[in-house]
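[1] Using only what follows, build the 3D model:
(4 chains)
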Number of protein chains: 2
Amino acid sequence: MATGAILDAAQEVFSRSGLEGGSLRAIARRAGCDPALIYYHFANKEALFLALVDRRLPPLGADLERLAADPGPGNLETRLWAVLETFRRHLGEDLGFRTLLRGQVAQGTDSVRNAVEHHLRRIATPVSQILCQGMASGEVRKDLDPLLTTFFILRMHLEILDLFPSLGGRLTGMRGPRALEQARRTWLEFVLRALAPPSPPEVRP
Amino acid sequence: MATGAILDAAQEVFSRSGLEGGSLRAIARRAGCDPALIYYHFANKEALFLALVDRRLPPLGADLERLAADPGPGNLETRLWAVLETFRRHLGEDLGFRTLLRGQVAQGTDSVRNAVEHHLRRIATPVSQILCQGMASGEVRKDLDPLLTTFFILRMHLEILDLFPSLGGRLTGMRGPRALEQARRTWLEFVLRALAPPSPPEVRP
DNA sequence: CGCATAATTCAACATCTGTTGAATTTCCCG
DNA sequence: CGGGAAATTCAACAGATGTTGAATTATGCG
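    Numbering: from 1, shown residues only, chains lettered A, B, ... in the order given. Next up, the predicted model:
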């Protein structure tokens, strides 16, 4: 039994029931092994959760760093949409994992929060760099805090992924499979209006 | 033992440990009664949670409806800040309750989601009305979905309240007791830029 | 007081929880 | 095949969980 198989099972169980609600016995049952085996591979429940995060977040951070390092031909809208799409690819299908992670950041143990914070910094930094590049090219107004703005952009995008299917869609009346993408697009337009400098931008590619 | 005392205890316990994690025995201990008494006043754990929501959210909705019904002398910025302040007054000190509520909306039982959705509709409607009034007065661009925009404004504001103390502040380097209010102010300015109509607004009060 | 009714507690149910130390199986290498 | 190490299981701990039916206490009223 590879540790990866246990992580797979842990991800499914934690995603459905949360960190406290998901039991090691349920994970072991899904992985097809004894609960005690989990303690052979991981020190305890918390270490199991952190291993899950360690497996999941670094690839996202790496993709974002690649996006920030290569300005490419696109304008700001194209680049930010690529950021949002990267998030959707990595975390889009996993409401449970996102909820789990957010819950631990907001209310988790200090040790868990510290461990997760390190990953989140690696995720936020490249996006804020993209914003700074936009400031340099005149596409973004210069009186913004790049990291706080990054927090706005990314966190609301995740909120759309989390809540729009169950809540936002029913409140706004937007339905169907395209509704989610439309809401994300609308959010990006909202962001671009807020980022735009006071005077029309001079294109300097 | 009034049902209100049990609700007080339930709020504290659920806020700290969540719906599944918070035990009826812990609630009873804090309320100073036997666990079985809770079943005399409430059908089960879920009904207890819904009674908590029923006690907490309607006053917020009522305050917002008052804000929407009385345009007053203020401009859009003043009115939206009043909305955010109303949220802060009602829910600002209670991270646990906000987390609990959001978790149930995102991943709760269908019956819980339906019950909560009704309250949220009463909260979102007056804010979207304020946006519509802004459209009529030329302060807000007219090509926006009022409810989706309301979702953006309110949800991100709650995210700031939830995550900024533990995460946002440490990522951005903003510290101290004024940092939270500054972040909320920054968010409002962000929103106002995104709402502003293309041409400078004609003031028609 | 006496009594009906409301409020509260007791005791128990079966089941689940994270964790651990010892016992067992599986595997690989000589 | 032999043996040592790695992988896996067993059994148990002490306690918590939501819920319920019966038993008990408190309350209000005539």
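[2] Please make it C-alpha for all contacts and neighbour counts, starting now.
    Fine.
[3] Around DNA strand D, which positions in chain A sit nearby?
    Counting by Cα under 7 Å from any atom of the strand, the positions of chain A adjacent to DNA strand D are A:1-2, A:32-37, A:40.
[4] Okay, and which of those map to helices?
    Among these, the residues falling in helices (DSSP state H) are A:35-37, A:40.
[5] I'd like to know which of the residues of chain A next to DNA strand D are buried.
    A:Pro35 (16 or more other Cα atoms under 10 Å in any protein chain shown).
[6] Could I get the residues of chain A next to DNA strand D in a markdown table, plus columns for pLDDT and distance to DNA strand C?
    Conversion of these to a markdown table gives the following (pLDDT from 0 to 100; distance: Cα to the nearest atom of the strand, whole Å):
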| residue | pLDDT | distance to DNA strand C |
| --- | --- | --- |
| A:Met1 | 84 | 10 |
| A:Ala2 | 88 | 12 |
| A:Gly32 | 94 | 14 |
| A:Cys33 | 95 | 12 |
| A:Asp34 | 95 | 8 |
| A:Pro35 | 96 | 5 |
| A:Ala36 | 96 | 4 |
| A:Leu37 | 96 | 7 |
| A:Tyr40 | 96 | 8 |
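[7] Contacts made by the helix or strand bottoming out on mean pLDDT in chain A with the rest, please.
    Within chain A, no helix or strand scores below helix A:169-172, which has a mean of 84 by mean pLDDT, DSSP states H and E. Here helix A:169-172 makes contact (Cα atoms under 8 Å, 6 or more residues apart in numbering or on different chains) with A:175, A:179-180, B:121, B:147-148.
[8] Let's see that with 10 Å instead.
    The contact list for helix A:169-172 (Cα atoms under 10 Å, 6 or more residues apart in numbering or on different chains) reads A:160, A:163-164, A:175-176, A:179-180, A:183, B:117-118, B:120-121, B:124-125, B:145-151.
[9] Buried residues in the lengthiest helix in chain A, which are they?
    Secondary structure assigned by DSSP H gives helix A:110-136 as the longest helix of chain A. Within helix A:110-136, the residues that qualify as buried are A:112-113, A:116-117, A:119-135, counting by 16+ other Cα under 10 Å.
[10] residue contacts, the closest residue to DNA strand C within chain A?
    Using Cα to the nearest atom of the strand, the single residue of chain A nearest to DNA strand C is A:Ser23, 3.3 Å away. By Cα under 10 Å, 6+ apart, A:Ser23 lies in contact with A:10, A:13-14, A:17, A:29, A:35, A:45.
[11] cool, and A:Gly103?
    Applying Cα under 10 Å, 6+ apart to A:Gly103 gives the contacts A:18-19, A:97, A:113, B:99-100, B:102-103, B:162-163.
[12] Go through these and name the one nearest B:Glu77.
    When these are compared for distance to B:Glu77 (Cα to Cα), B:Asp162 wins out at 22.7 Å.
[13] Next, count neighbours for that closest one.
    Per other Cα atoms under 10 Å in any protein chain shown, the neighbour tally for B:Asp162 reads 24.
[14] Does it touch B:Arg98 like I think?
    Yes. Judged on Cα atoms under 10 Å, B:Asp162 makes contact with B:Arg98 at a distance of 7.7 Å.
[15] which residue sits closest to the most centrally placed residue in chain A, ignoring its sequence neighbours?
    Nearest to the mean C-alpha position of chain A, by Cα atoms, centre = their mean, lies A:Phe87 at 5.5 Å. Once flanking residues are discounted, A:Phe87 sits nearest to A:Leu60: 7.2 Å by Cα to Cα, 6 or more residues apart in numbering or on different chains.
[16] Now do that neighbour: how many residues are near it, please.
    For A:Leu60, the count of nearby residues is 18 (other Cα under 10 Å).
[17] Give the full set of residues in contact with it.
    A:Leu60 makes contact with A:66, A:86-87, A:89-91, A:119, A:122-123, according to Cα under 10 Å, 6+ apart.
[18] Buried residues, the helix or strand containing it. List them.
    Using DSSP states H and E, A:Leu60 maps to helix A:45-69. Residues of helix A:45-69 classed as buried: A:45, A:48-50, A:52-53, A:57, A:60-61, A:63-65, A:67-68 (neighbour count, 16+ other Cα under 10 Å).
[19] Domain-wise, how is chain A divided?
    Here the domain parsing of chain A from automatic domain parsing is A:1-42, A:52-195.
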